[in-house]
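Chemist: Generate coordinates for the sequence data below:
(one chain, ligands or ions: 1)
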Amino acid sequence: MGISSTDFAYLRELLYHYSGIVLDEDKEYLAELHLEPLAEIAGFDSIATLIKFLRTEPFNSLHVQVIEALVTYETFFFRDIYPFEALKNFVLPELLKNRKEEKSLNIWCAACSSGQEPYSIAMLIRQYFPMLANWMVKIIASDFSSKALARARKGRYNQIEIQRGLSETLRNKYFHQENNEWQIQEQIRSLVEFREMNLIQSWSFLPQMDIIFLRNVLIYFDTEMKKTILGKVRQLLKPDGYLFLGGGETTIYLDSSFKQVKLGKYICYRN
Ligand SMILES: C[S@@+](CC[C@H](N)C(=O)[O-])C[C@H]1O[C@@H](n2cnc3c(N)ncnc32)[C@H](O)[C@@H]1O
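Modeler: As a prediction, this is how the structure comes out:
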C-alpha cells in the first residue's frame, strides 16, 4: 500500500498530540505494517484513504485505534530481573520497616502494557513477603491504551508470553492452564487495580506513592515531555520512596533533584 511523507507526518503529529510519543522519522515501515490490517478491517482500500478520512473527521474511536496501532507494547515478566531483585532485597524490606505503623504501601506501575510488570510485582510480594498479607497494599497499574488494559485485566497469556521471564515455580503456583493459555490466579489478579490513564494528562486522582515503576515509556517522549513527567513523579513520590526506570532511561540531564542509589546490580532513583 505504501504511505506518503505527508500522511506519515500527519500520523506522527496525531500520535504526539495524543500521547507524547515521538515516532521516529525512519519508522514509516512500522506504521505501514501496523496500519495495513487496520485499514482493511475498517473497510478502507488503502492507508491513504484511511488517513484522508481521519483528517476530515473530528477525533473519534478510529483515531484512537490508529494511535494504539502505532504504539510499542513490548513487555515481559520480571523484565531485566535486577529491578525486581532490588525491590525484593532492598526496597521492600526498607519500606516494611518505615511503614510498620501505618501498614500501608502504594505502588504505581505507570505504563503497564498487557500487565506482566504489575503482576510480577504482585507475585513477588505474595511469594516473598507473606507478612504483607494483612497490610493495605495497593498496586495501581495504568496505561493509556484501553486495548492493552483489557488484556492486562484478563491476566491471560499465551505459551510464548508465559515463558518470557517467568520461572516454572511461579508459573505453576500463580497460573493455571486453560486450553493453550495461562490464566493468572485471582489472588494475584485482585492485588492489582488497573486504570486507564494518559501520562501527559492529569494525575490528580493518584495518591502519594511509595514505589513508582515508570519503565520503558520515557524513551518514547521528547526531552521536554520527559522533564515534565519526571517533575510530576517527584511530586507524587513520598520522601523515602523509590522510582524505577527502564534500562535505557535515566533522570540525569533531565531532573537534577533525583538521587541515584545503587541497589545490587540496579540503579534506583529517590527524591
Ligand atoms: C514498551 S511498553 C512498557 C511496558 C512495561 N512498563 C515494561 O517496561 O515492560 C510501553 C507502554 O507505555 C504505554 N504508553 C505510551 N505512552 C503513554 C502515555 N502517554 N500514557 C500512558 N501510557 C503510555 C504504551 O501503551 C505501552 O503499553
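Chemist: Flag every residue of the stretch 51-200 of the chain that's near the ligand.
Modeler: 71-75, 79, 111, 113, 117, 143-145, 148, 198-200 (Cβ under 6 Å from any ligand atom). In this view, the C-beta of every residue, glycine as well, is placed from N, C-alpha and C.
Chemist: Which of those residues are buried, as a PyMOL select command?
Modeler: This is the PyMOL syntax for the buried subset of those, where burial follows 16 or more other Cβ atoms under 10 Å:
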select buried, resi 71+75+79+111+113+117+143+144+145+148+199+200
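Chemist: Inside strands: which ones of the residues of the stretch 51-200 of the chain next to the ligand?
Modeler: Among these, the members found in strands (DSSP state E) are Asp143.
Chemist: Please flag which of the residues of the stretch 51-200 of the chain next to the ligand sit within helices.
Modeler: Glu117, Ala148 (DSSP state H).
Chemist: Among the residues of the stretch 51-200 of the chain next to the ligand, which pair sits farthest apart?
Modeler: Farthest apart among those by Cβ to Cβ are Arg79 and Ile200. That separation is 23.1 Å.
Chemist: tell me which element the nearest residue to Leu191 once chain neighbours are set aside falls in.
Modeler: Excluding its sequence neighbours, the residue lying closest to Leu191 (Cβ to Cβ, 6 or more residues apart in numbering) is Ala122, at 4.2 Å. Secondary structure from DSSP states H and E places Ala122 in helix 116-128.
Chemist: Would you mark the buried spots in that helix?
Modeler: Gln116, Glu117, Pro118, Tyr119, Ser120, Ile121, Ala122, Met123, Leu124, Ile125, Arg126.
Chemist: And stretch 260-271, by the same measure?
Modeler: In stretch 260-271, counting by 16+ other Cβ under 10 Å, buried: Leu263, Tyr266, Ile267, Cys268, Tyr269.
Chemist: Checking my notes, the last one in a helix, right?
Modeler: No - under DSSP: H, G, I helix; E, B strand; the rest coil, Tyr269 sits outside any helix and is assigned strand.
Chemist: what's near enough to touch the residue of the chain positioned farthest from its centre?
Modeler: Residue farthest from the centre of the chain, counting by Cα atoms, centre = their mean, is Asp45 at 33.4 Å. By Cβ atoms under 8 Å, 6 or more residues apart in numbering, the contact list for Asp45 reads Ala39.
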